[in-house]
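J.: sequence unknown, structure follows:
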């Protein structure tokens, strides 16, 4: 399905046939994976401020930015 216009006819066809047992299993699996992805994303967003990957304060960030600008000027 290339665009969202294809989804409506596809869903009409699926609903016309009626849900089979295998189709319900696939929908349930997809829904469970989606829910796990959403929960994982929320946990990551909540724990992101506590990770030590980024500089702790703005001063360190500013120094890194200034060092980058100095290197660019030296290369020119």
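T.: Looks like it arrived, so ask away. All figures in this text were calculated on a predicted structure; none of them were measured in a lab.

J.: Quick one: mean pLDDT over stretch 31-42.
T.: Here stretch 31-42 scores 93 as its mean pLDDT.

J.: ditto for stretch 6-17
T.: In the prediction, stretch 6-17 has an average pLDDT of 79.

J.: What are the buried residues along it?
T.: By 16 or more other Cβ atoms under 10 Å, stretch 6-17 has no buried positions at all. Any C-beta I mention is one placed from the backbone N, CA and C, and that applies to glycine too.

J.: mind checking the SS state of residue 19?
T.: Following DSSP: H, G, I helix; E, B strand; the rest coil, residue 19 is assigned to coil.

J.: which residues touch it?
T.: residue 27 (Cβ atoms under 8 Å, 6 or more residues apart in numbering).

J.: what separates residue 26 from residue 34, distance-wise?
T.: 13 Å (Cβ to Cβ, to the nearest Å).

J.: Which stretches in this protein count as helices?
T.: Read by DSSP state H, the chain holds these helices, from start to end of the chain: 7-17, 21-47, 58-75.

J.: And residue 30, how close does it get to residue 63?
T.: Residue 30 is 47 Å from residue 63, by Cβ to Cβ.

J.: Show the contacting residues for residue 65.
T.: By Cβ under 8 Å, 6+ apart, residue 65 has no neighbours at all.

J.: can you pull the pLDDT of it?
T.: pLDDT, residue 65: 72.

J.: how many neighbours does residue 27 have?
T.: Applying other Cβ atoms under 10 Å, we find 12 residues neighbouring residue 27.

J.: what's the answer for residue 71, then?
T.: Counted with other Cβ under 10 Å, residue 71 comes out at 9.

J.: Next, find the distance separating residue 43 from residue 37.
T.: For residue 43, the distance to residue 37 - Cβ to Cβ - is 11 Å.

J.: right, I mislabeled it, should have said residue 47
T.: Distance from residue 47 to residue 37, by Cβ to Cβ: 16 Å.

J.: show me the contacts for the residue nearest the centre of the chain.
T.: In the chain, the C-alpha nearest the mean C-alpha coordinate belongs to residue 41, at 7.2 Å (Cα atoms, centre = their mean). Going by Cβ under 8 Å, 6+ apart, residue 41 touches no other residue.
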